[in-house]
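[1] With the input below, show me the fold.
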Amino acid sequence: MKTKTETLKLKIDELPPENFTGIVEYPLGTKIWYREGKRHRIDGPAFEKYNGANEFWINSAQYHILTLERYYKKYIFLGKEKGRYDLYWLKFLTETKIEEFPYIKGMEESREASQDLKLFLIDLFKT
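    Here you go, the predicted structure:
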């Protein structure tokens with residue numbers, strides 16, 4: 001049985017309690033997902049800004065769409081593999097090593113992604 005996620009409504013200058021797990025909502029509409037005090041969400045953006053911009057975070061590590069864009073344009077795509085957090089991880093061959101980047105639902109809708117990257121992700125994950 002799935003438990004209900006706690007939601008805190010805070011003022012702009014307030015921070016959630018230490019080790020908070022749940023969603024923080026701010027007055028202008030910004031929402032931030034936390035797990036044990038760290039920005040974390042694996043089924044969408046962990047930071048939904050009031051202006052429509054999104055950020056993707058797993059366990060306090062940010063996965064910026066522009067980094068994925070650079071990998072996509074500059075390196076050789078090796079494929080996708082199911083891995084940590086039950087996510088698909090995209091693998092790219094760089095000049096020195098293999099880099100992995102998680103696919104988090106909603107990345108293909110990011111305002112910062114190029115049309116080419118959006119189409120690549122849509123094609124890669126179509127069902």
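
[2] C-alpha from now on. contacts and neighbour counts both.
    Fine.

[3] remind me which residues of the chain are low pLDDT?
    Flagging of the chain using pLDDT under 70 yields the residue ranges 1-3, 127.

[4] how about the helices in it?
    Listed from the start of the chain, the chain has helices (DSSP state H) covering 65-74, 115-124.

[5] What are the contacting residues of the last one?
    Okay, so that is helix 115-124. Under the contact criterion CA atoms under 8 Å, 6 or more residues apart in numbering, helix 115-124 has outside partners 69, 72, 107, 108, 109.

[6] got the CA coordinates for it in CSV?
    As requested, C-alpha coordinates have been extracted for helix 115-124 and formatted as CSV (Å, rounded to 0.1, in the frame of the first residue of the first chain):
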residue,chain,number,x,y,z
GLN,A,115,14.4,19.8,-30.2
ASP,A,116,16.9,17.1,-31.3
LEU,A,117,17.4,15.9,-27.7
LYS,A,118,13.7,15.9,-27.0
LEU,A,119,13.0,13.8,-30.1
PHE,A,120,15.9,11.4,-29.2
LEU,A,121,14.5,10.9,-25.7
ILE,A,122,10.9,10.5,-27.0
ASP,A,123,12.1,7.9,-29.5
LEU,A,124,14.3,6.1,-27.0
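
[7] Quick check: buried residues in it?
    For helix 115-124, the buried set under the neighbour-count rule, 16 or more other CA atoms under 10 Å, comprises 117, 118, 121.
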